[in-house]
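K.L.:
below: sequence and its predicted model.
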Amino acid sequence: MIPSTLVAIVTARQEIKKSRFVAVAGPVSDEAAAKEFIAAHSDRTANHNCWAWRIGQAYRFNDDGEPGGTAGKPILQAIDGQSLDRIAVVVTRWFGGVLLGSGGLIRAYGGTAAICLREAEKTPIVDMVAASIRCGFGDLSLMQARLEGFPGAQVRTEAFTATGAELSVSVPKEEAENVARMVADLTSGRVTVNFNGYPPVNRE
């Protein structure tokens, strides 16, 4: 299954035995962004701000004073249970005076996170690779049209030279070889694609 991330920040609330739980989830690109998200969405007036994040194979979770394994880990399990990636979730609790027990806490934290994530709009994660294409004026208009019509490809910038232009583009990583072939075929080999920070593509 292709992992997905969230389109935007979302919130969900539950009240369980007088304790109030608020989950906030959102997309994050790296660990630094996850830490910023957690800091921004933790409430110092609350009793606990428990959280989890996953970015690829990396993940972290924290119980913030709740019994070990009853808060952060269930939040992470809610993330993984919906095949989500590159997201962070904070579940904040205001204690209502009634103890929930370990099982109750697991259900409360994991359940509030799961409700929040189920309601969120999601988008598949597509790894992109940057590339540059130099072409003459004779090939430019056709090149632009084909790139704009290629699924997922985006022309970021165009820099004109005396003989043509250099296009800065991003393409889905899994389609890099297909894009390179398309460019070579369109121009009978006059133009090639140079991928930045990516192994050279066999264009034969």
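P.N.:
Arrived safely, thanks for sending.
K.L.:
domain map for this protein?
P.N.:
By the assignment in automatic domain parsing, the chain contains the domains 4-124, 128-195.
K.L.:
those domains: lowest mean pLDDT?
P.N.:
Of all the domains of the chain, the minimum mean pLDDT falls on domain 128-195 (a mean of 82).
K.L.:
just read off the phi/psi values of the residue of the chain positioned farthest from its centre.
P.N.:
Residue farthest from the centre of the chain, counting by Cα atoms, centre = their mean, is Ala162 at 39.7 Å. With angles defined as degrees, to the nearest 10, Ala162 sits at phi -70, psi -30.
K.L.:
next, count neighbours for Val179.
P.N.:
23 (other Cβ atoms under 10 Å). The way it works is simple: take the backbone N, C-alpha and C, and place the C-beta from them, glycine included.
K.L.:
all helices of the protein, in order?
P.N.:
Along the chain, the stretches classed as helices by DSSP state H are 31-41, 72-81, 101-119, 137-149, 176-186.
K.L.:
JSON lines for those helices, including distance to Ser4?
P.N.:
As requested, the helices of the chain are exported to JSON lines (distance: least, Cβ to Cβ, whole Å):
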{"stretch": "helix 31-41", "distance to Ser4": "17"}
{"stretch": "helix 72-81", "distance to Ser4": "11"}
{"stretch": "helix 101-119", "distance to Ser4": "10"}
{"stretch": "helix 137-149", "distance to Ser4": "25"}
{"stretch": "helix 176-186", "distance to Ser4": "22"}
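K.L.:
of all those helices, which one is nearest Pro3?
P.N.:
Pro3 lies closest to helix 72-81 among the helices of the chain, at 9.9 Å (Cβ to Cβ).
K.L.:
show me what counts as buried in the closest one.
P.N.:
Neighbour-count burial for helix 72-81 flags 72-79 (criterion: 16 or more other Cβ atoms under 10 Å).
K.L.:
how about stretch 163-182?
P.N.:
164-165, 167, 169, 171-172, 175-176, 179-180, 182.
K.L.:
please apply the same query to stretch 52-68.
P.N.:
Neighbour-count burial for stretch 52-68, with 16+ other Cβ under 10 Å as criterion, is recorded at 52-55, 60-64, 66.
K.L.:
need the residues you listed in a markdown table (columns: distance to Glu121).
P.N.:
Below are these laid out as a markdown table (distance: Cβ to Cβ, whole Å):
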| residue | distance to Glu121 |
| --- | --- |
| Ala52 | 20 |
| Trp53 | 19 |
| Arg54 | 18 |
| Ile55 | 20 |
| Arg60 | 25 |
| Phe61 | 24 |
| Asn62 | 26 |
| Asp63 | 29 |
| Asp64 | 28 |
| Glu66 | 29 |
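K.L.:
distance between stretch 165-178 and the chain's centre?
P.N.:
Centroid displacement of stretch 165-178 relative to its chain, using Cα atoms, centre = their mean, to the nearest Å, is 20 Å.
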